[in-house]
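Colleague: Return a 3D structure for these sequence lines:
(3 chains)
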Amino acid sequence: MKLTLKVWRQKNSTDQGGFVTYPIDGISTDMSFLEMMDVLNEELTEKGEDPIHFDHDCREGICGMCSLYINGNPHGPQQTTTCQLHMRSFKDGDTITIEPWRAKAFPVVKDLVVDRSAFDRIIQAGGYVSVNTGGVPDANEIPIPKKIADEAFDAATCIGCGACVAACKNASAMLFTSAKISQLAMLPQGQVERKERAEKMIAQMDAEGFGACTNTGACAAECPKGISLSNIARMNREYFSAVVSSENL
Amino acid sequence: MILDSKIPAGPLAEKWTKHKFNMKLVNPANKRKYEVIVVGTGLAGASAAASLAELGYNVKAFCFQDSPRRAHSIAAQGGINAAKNYQNDGDSIFRLFYDTIKGGDYRAREGNVYRLAEVSVNIIDQCVAQGVPFAREYGGLLANRSFGGAQVSRTFYARGQTGQQLLLGAYSALSRQVANGKVKLYPRTEMMDVVIIDGHARGIVTRNLITGAIETHAAHAVLLCTGGYGNVFFLSTNAMGSNVTAAWRAHKRGAYFANPCYTQIHPTCIPVSGDHQSKLTLMSESLRNDGRVWVPATVEIAEKLRKGQIKANDIPENERDYYLERKYPSFGNLVPRDVASRNAKYVCDEGRGVNETGEAVFLDFRDAIKRDGEDVIRAKYGNLFDMYQQITGENPYQVPMKIYPAVHYTMGGLWVDYNLMTTIPGLYALGEANFSDHGANRLGASALMQGLADGYFVIPYTVGDYLAQIGTKPVDANHPEFEKTAKEVKDRIQKLLSINGTKSVDYFHKKLGKIMWNECGMARTAEGLQKAKAEIRELRAEFWKDVKVLGENEELNQTLEKAHRVADFLELGELMIDDAYNRNESCGGHFREEYQTPEGEALRDDENFAYVAAWKYMGDGAEEELHKEPLEFENVKLTQRSYK
Amino acid sequence: MSWVTKTLSSTLGRKLIMALTGLFLILFLTGHVSGNMLLFKGDGGEAFNKYAQFMTTNPAVKILSYLTYISVIAHVIYSILLTRKNKTARPVGYAESKASTNSAWSSRNMGVLGTIILIFLVVHMQGFWAKMHWGDMPMVTYEGETYKDLYQIVQFAFQNEILVAGYVIAMGFLSFHLSHGFASAFQTLGLNHVKYSPAIELIGKIYCILVPVLFASMPLYIYFTS
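Modeller: Down below sits the predicted model:
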């Protein structure tokens, strides 16, 4: 396949940045999208040009490190991670536009690499059960209905890639935040800190500069792990009942 | 130097309890006076950092990824073993210990493995308390499955994403300590070297991957939780960033490297599709519970298949060779990983491979779908089938999957004693980075167990013992050794940047991978290893003359990061070959063609090789020095593994 | 900051205001459209005028109407606050975006739709509501009691085809606004449930078509029948 790539290049966080167009040839449909980028980078290196920087690690769709806004969709045209996107999704002669995630809370570091540490800080605000190592009850002393465990799992499957933020017209992090709040709100282990968790995580989410939710559903439609919008509804419930009933002034 | 494993005396079942009592404790008020560095935030690193911070130590945690949650432990699919015996099927701590020792082909320490089995039960309790959503039965209790050919159901799992859920649990515990101010997090920071003062590890040198700043960090103890080195083969199931650098730099500073040649080749991976391939994807071993492995009975049929003249489904039953079922009637498709991998290689070497490259075998669900219906199979493996289709473009419900073995895990690693301390006092290695618990072959669902055992339940005790002995005096961050080590790091970076040769880093990495895969992969020979050693030396020399690393240090420079890692792989590769050459026997993942039974199985030599091979670095280009730690077996009888 | 102001200035709190006021306005629309159906009665406007009199004088209705004014104002102010926050959340936009592949057009353009509806509302209230309250109204007598003849005003107004067309088009925008807003408000309140959400969505779909169609049919009916 022969393709034209329109790639966002930006030297560092303070650089203005802009698009650079690269023609590329000899791409096989079996290649993954990132392998196609590897080929381009090898060519650039050969020519002595700085290779395109992009985040990636496991390349099997689970670490959440890869990003890329491809032809107008986060992770490209398929509902999967960029590393699992294959070139058979494109046609010979296509022009592919590649941009970084765009959000105030995800500043560009270089080229297509963005800083997603805001997500870590949201988790640090309360996305955990406060148990120390050791001194916990036997695992089977906490029975959990299978249906609830499964639903909690569905929320816990979030890989923190940020596609939800990238897809949302408001760059909102509601789906990410709600997935963790939901998981722990459903499980008995999460009950003790339930109210405080909702209040703190949402405060942190707002402080990071993410937008609000317009319920467009773009986040869930683009989420490579299929996290459901019902988590956002649950988070809203959790938050409203927490602020009304908690004793935090 | 005589390697002292520090295994406590006494009966096996009492060793750890006794040892815990005998170790020194750090006064709670003194804990805050200690600094501990944890490199890597996978299962071992995140759990260690969180647990130590909970105890009151000041922890600095480093990872090269943009978030600790992305460490490669996240990709583990199958599950985690624990001797809970919730299923009432005869499991016990001793049985898990026994299976692990036997599975490792009797090349691990009894004491370590027993402790692993002992604390395995605590791991599950801990993870459940954190909110890890393990699979459950309708009654609300935890579900288990049998995994990797185990005769009991002791594997706890969270769909095909157990590693992810366990890591997110450890990450949440770590995040809590970050919020408490007890852990300082350094993401996108790579450890470049370890600083040794008066023979003790006293800190590390790091590179900030965004600014390129070379920084030094002082501490009372340094924990390397940096994973395995499977990427020495270029193609592996490891993440692209997985590397040996931290362990290798420690090795060059005096930490012995143990059993480097023990590599696990996982039998069920998606085959290589072309030269562009950057990594290999694992298909969970659980697929072998229902899938049947086969190749065409003759080379002629295989050739027709490869040319596309016939399709897999056209091949009648009598022209298929279900070779695992034929050779191992009692275990069939569920033989251990090393056996399954080697047999796939054999049939492909015979010319019966089934894809264009001739390096693939079928994993067929036709009979399982006929027996149970497509819905049942979808419920069990739906996500794996989808992933397969996503990558290959073929629908495994209709045509058999193609699989081939790929490098998956490295049992070797830094030599550690019972306390997980390397040969450098104050320097520890946890999880896959050490060599300690899996012997020559790791059983399925045991890697997660070991990573978390080390981090949650071993290191919090053993590091305290060391810290209590060295006292609370702060480490002098201005000691000249820090600056000296940092300068060496900077010089190396300058050297890499100034070569400005003609070949890319990947060129060298791919070449190294090919040498390693061909000569130090699934089957090894003395002759091949000698050849490979010469080739690697040549390649290494070429690398330092002709590699092209663009850009500068003071920026995000992924090529420079890769160059560092590949430079270390080029040195490690040679040591792996030395180790494989030295070990004149076959055991577990190490298969020397000269040493096999008449049926083609691994032939151990317990008389001469029941030892840990620990290698000491002797200087650039010099041959490394072998030190042997004899393995003593008092509780198990060494037998030939048989899965017939 | 007290917990109330803190909550109401959070993204979720602001959304809560949007949802509550939106739902109240949906209730208002339901009442409004039901009452105005009297225009179709064909009694020369008697029932309609009596109803209009009741709506402007009954004290309970007064309270409701003040709530409606507050809802409209709060809905507008909070939408501005949210839109501003949302705009700043993405300072650099995408060069290429295929939002249509992941979300409905109406959901992404609630602000635009709302603005058009607001403009319509000003015109609408100036034409009828302001006249009814403070304007010079013709009077009519039923059973000895005099009433303001709003019916006549309406009849007169909808002789103008431009105004009729404007009303019909405005109802189209209202329909789009409601097509997202109805179910969205429930989602924001956290009312998402496997059993009830499909029903809410269905009712929303019916509502967003039925109510604007009924409203739009009024000027059309008057235009074509008189």
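Colleague: Surely residue B:391 is in contact with residue B:281?
Modeller: Yes. With contact defined as Cβ atoms under 8 Å, residue B:391 reaches residue B:281; the gap is 6.0 Å. For every residue, glycine as well, the C-beta is placed using N, CA and C.
Colleague: higher neighbour count, the two?
Modeller: Legend: neighbour count by other Cβ atoms under 10 Å in any protein chain shown for residue B:391 and residue B:281, higher for residue B:281 (22 against 19).
Colleague: So that one versus residue A:125, what's the distance?
Modeller: From residue B:281 across to residue A:125, the span is 34 Å (Cβ to Cβ, to the nearest Å).
Colleague: neighbours around the nearest residue to residue B:596 once chain neighbours are set aside, how many?
Modeller: Closest residue to residue B:596 apart from its sequence neighbours, by Cβ to Cβ, 6 or more residues apart in numbering or on different chains: residue B:603 at 5.2 Å. Using other Cβ under 10 Å, residue B:603 has 16 other residues around it.
Colleague: For residue B:603, which residues are in contact?
Modeller: B:585, B:586, B:595, B:596, B:597 (Cβ atoms under 8 Å, 6 or more residues apart in numbering or on different chains).
Colleague: Of those residues, just say which sits nearest to chain A.
Modeller: Relative to chain A, the closest of the contacts of residue B:603 is residue B:586; by Cβ to the nearest Cβ it sits at 30.7 Å.
Colleague: gap between the closest residue to that closest one other than its chain neighbours and chain C?
Modeller: Nearest residue to residue B:586, sequence neighbours excluded (Cβ to Cβ, 6+ apart): residue B:602, at 3.7 Å. Applying Cβ to the nearest Cβ, to the nearest Å, the value for residue B:602 to chain C is 53 Å.
Colleague: Distance of residue B:602 relative to chain A?
Modeller: Look at residue B:602 and chain A: by Cβ to the nearest Cβ, they are 30 Å apart.
Colleague: for chain A, what spans make up the helices?
Modeller: Assigned by DSSP state H, chain A shows helices spanning A:33-47, A:117-124, A:146-156, A:163-167, A:174-186, A:194-207, A:218-222, A:230-245.
Colleague: would TSV of these with mean pLDDT and distance to chain C be doable?
Modeller: Output for these, formatted as TSV (pLDDT from 0 to 100; distance: least, Cβ to the nearest Cβ, whole Å):
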stretch	mean pLDDT	distance to chain C
helix A:33-47	97	16
helix A:117-124	98	11
helix A:146-156	96	10
helix A:163-167	98	6
helix A:174-186	98	8
helix A:194-207	97	5
helix A:218-222	98	4
helix A:230-245	97	3
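Colleague: how about these in TSV, adding distance to chain B?
Modeller: Listed next are those as TSV, based on distance: least, Cβ to the nearest Cβ, whole Å:
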stretch	distance to chain B
helix A:33-47	5
helix A:117-124	4
helix A:146-156	4
helix A:163-167	14
helix A:174-186	5
helix A:194-207	9
helix A:218-222	16
helix A:230-245	14
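Colleague: so which of the ones you listed gets nearest residue B:566?
Modeller: With Cβ to Cβ as the criterion, residue B:566 lies closest to helix A:33-47 of these, at 13.6 Å.
Colleague: so who does residue B:272 touch?
Modeller: Taking Cβ under 8 Å, 6+ apart as the definition, contacts of residue B:272 comprise B:235, B:280, B:357, B:359, B:404.
Colleague: what's the closest of the residues you listed to chain A?
Modeller: Once Cβ to the nearest Cβ is applied, the member of these that ends up nearest chain A is residue B:280, at 9.0 Å.
Colleague: which residues does the nearest residue to the closest one once chain neighbours are set aside bridge with?
Modeller: The spatially closest residue to residue B:280, leaving aside those adjacent along the chain, is residue B:406, at 4.0 Å (Cβ to Cβ, 6+ apart). Judged by DSSP bridges, the bridge partners of residue B:406 are residue B:266.
Colleague: Report whether the expected contact of residue B:406 with residue B:264 is present.
Modeller: No. Between residue B:406 and residue B:264 there is no contact, the gap being 10.0 Å when judged by Cβ under 8 Å.
Colleague: domains for chain A, by residue range?
Modeller: A:3-110, A:117-245 (automatic domain parsing).
Colleague: what's the first-to-last distance across the first one?
Modeller: What it means is domain A:3-110. End-to-end distance of domain A:3-110: 23 Å, with Cα to Cα, to the nearest Å as the criterion.
Colleague: longest helix anywhere in chain C?
Modeller: Chain C, longest helix under DSSP H: helix C:59-89.
Colleague: which ones are touching the residue nearest to residue B:586?
Modeller: Taking Cβ under 8 Å, 6+ apart, one finds B:105, B:338, B:586, B:587, B:588, B:591, B:595, B:596, B:641 in contact with residue B:602.
Colleague: any idea which of those residues is least confident?
Modeller: Note: of the contacts of residue B:602, the lowest pLDDT belongs to residue B:641, at 75.
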